[in-house]
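>>> The following comprises the amino acid sequence and a computationally predicted model.
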Amino acid sequence: MADAPMRDADDDPNTRPAPIDPMAYYFQDVLVLNRPDAARLYLIRHGQSGGNVARQEGRQADFDPPLTAVGEEQAQRLGARMAEYGVDAIYSSPLQRSYNTGRAIARLTGHTITVLDDLQEINEPARSAGVDIETAVLPPGVTHQDIKRRFEEDPTWDNLPGSESSRHFRDRISRAINRIIAENPGRKVAITCHGGVIQSYVAEILGLRSDFPFYCFNASITSVRAAGERRALWRLNDLAHLDGMRMT
């Protein structure tokens, strides 16, 4: 006997409301689908910087390092892709590796970059004031191995002595991004910032304790849709525009 065709729920007059596609109807608000007022956020980590290279080579990174030649090419490719998307606005951290990544987009779109201090990387506001957490003397009786073990057991910024707390960091970057959402309903927005910012924001909207739920590559795109209080992760660590380049 041939299988009977599946009955469409819309054929039942008792179904209220009667969606064309029940599954799409159930999830459209969860995933912020079909919302003309939704802001489409493209959270972009800056291109490779001198600080990234310093850490790879085992050197202490300077404060606010520039993009490397590789980072400049990554930014150019990113700019071309975002211009093709047709972004409506660009926001950036004030740090030059982030701002110059955003500038590669602005050169092609003609937009002015809005700088928000709250988009800075973890601990960078303190470093700009002359307090360098990375080179500070550890508390008595605490070793680097102790801190490493704490991060492995409980991966949050609270384990770094003298650090900006996880909650404070998440609150300030959420404050900045909420402002961007409020200013850009229904628009596509490029936000050039930092790996830690993107990691912690993704963790926040997904309700995760870990501040490091994934590794965020240079010049990657992580996309979030936002409407009202709803936030939906649409894309994570997209690097299609860097095809042929080594990921950094």
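Received, thanks.
>>> okay, the residue nearest in space to the middle of the chain: pLDDT?
Closest residue to the average C-alpha location of the chain: residue 198 at 2.8 Å, with Cα atoms, centre = their mean. Per-residue confidence (pLDDT) for residue 198: 98.
>>> OK, contacts around it?
43, 45, 216, 222 (Cβ atoms under 8 Å, 6 or more residues apart in numbering). For every residue, glycine as well, the C-beta is placed using N, CA and C.
>>> Report the buried residues of the lengthiest strand in the chain.
Assignment by DSSP state E gives strand 230-238 as the longest strand of the chain. Neighbour counts using 16 or more other Cβ atoms under 10 Å place 231-233, 236, 238 of strand 230-238 among the buried residues.
>>> what lines up beside it in the sheet?
strand 221-227 (antiparallel) (DSSP bridges).
>>> Mind giving me the ChimeraX select for the contacts of residue 198, buried ones only?
Command for ChimeraX that selects the buried part of the contacts of residue 198, burial taken from 16+ other Cβ under 10 Å:
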select :43,45,216,222
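>>> Among the contacts of residue 198, which ones are in helices?
Using DSSP state H, no member of the contacts of residue 198 sits in helices.
>>> Arrange the contacts of residue 198 in a markdown table, one row each, with distance to residue 139 and pLDDT as further columns.
Below are these laid out as a markdown table (distance: Cβ to Cβ, whole Å; pLDDT from 0 to 100):
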| residue | distance to residue 139 | pLDDT |
| --- | --- | --- |
| 43 | 34 | 99 |
| 45 | 31 | 98 |
| 216 | 29 | 98 |
| 222 | 34 | 98 |
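>>> pLDDT weak spots in this protein?
1-20 (pLDDT under 70).
>>> still on that earlier bit, let me know the closest of the buried residues of strand 230-238 to residue 38.
Closest approach between these and residue 38, by Cβ to Cβ: residue 232, at 8.6 Å.
>>> which SS class is the residue nearest to that closest one when sequence neighbours are not counted?
Setting aside the residues directly before and after it, residue 232 is nearest to residue 32 in space (Cβ to Cβ, 6 or more residues apart in numbering), at 4.3 Å. Three-state call for residue 32 (DSSP: H, G, I helix; E, B strand; the rest coil): coil.
>>> from what I can see residue 32 touches residue 223, true?
No - using Cβ atoms under 8 Å, residue 32 makes no contact with residue 223, being 11.0 Å away.
>>> Show me which of those two is the more surrounded one.
Taking other Cβ atoms under 10 Å, residue 32 and residue 223 do not tie; residue 32 has more neighbours (21 against 16).
>>> Just checking the distance from the helix or strand hosting residue 24 to the centre of its chain.
Using DSSP states H and E, residue 24 sits in helix 22-27. Its chain's C-alpha centre and that of helix 22-27 lie 28 Å apart, by Cα atoms, centre = their mean, to the nearest Å.
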